[in-house]
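> this one's sequence-less:
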């Protein structure tokens, strides 16, 4: 849950639950008053979640931040045309899907 924001923050507000990459280069882990926090730019957040303590089931309700797009990825084939079952490591990575949600885009300052 967001506990503080800077003056130029455009989409994220105090109290929002956000999804972010824990091991992103722009995230700094901090401990404040005995509690774990993460310091990051708004653009390092992936999306605003519908509530705190979300699960995978809540991801379709996420509001992407910036120019991000949430895509439901098309399923890949589980077996070859010859009937051989494929392990996860041998499946092709999907390259298509359906757009579920889009962020508002970047503003003119971010585009420069």
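Nice, I can see it. Please read all numbers here as calculations on a predicted model, not as lab measurements. Residues are numbered from 1 along each chain as shown.

> Only C-alpha atoms from now on, for both contacts and neighbour counts.
Will do.

> Show me the strands in the chain, by range?
17-20, 28-32, 35-39, 45-49, 63-64, 69-73, 97-102 (DSSP state E).

> Residue 59 and residue 80, how far apart?
Here residue 59 is placed at a distance of 31 Å from residue 80 (C-alpha to C-alpha, to the nearest Å).

> more neighbours, these two?
Under the criterion of other C-alpha atoms under 10 Å, the comparison of residue 59 against residue 80 puts residue 59 first, with 16 against 10.

> Now do that one, the pLDDT please.
Looking at residue 59, its pLDDT is 88.

> from memory it sits against residue 48, does it?
No - using C-alpha atoms under 8 Å as the test, residue 59 is too far from residue 48 to be in contact (9.5 Å).

> By mean pLDDT, which helix or strand of the protein comes out lowest?
When the helices and strands of the chain are compared on mean pLDDT, DSSP states H and E, helix 108-111 comes out lowest with a mean of 60.
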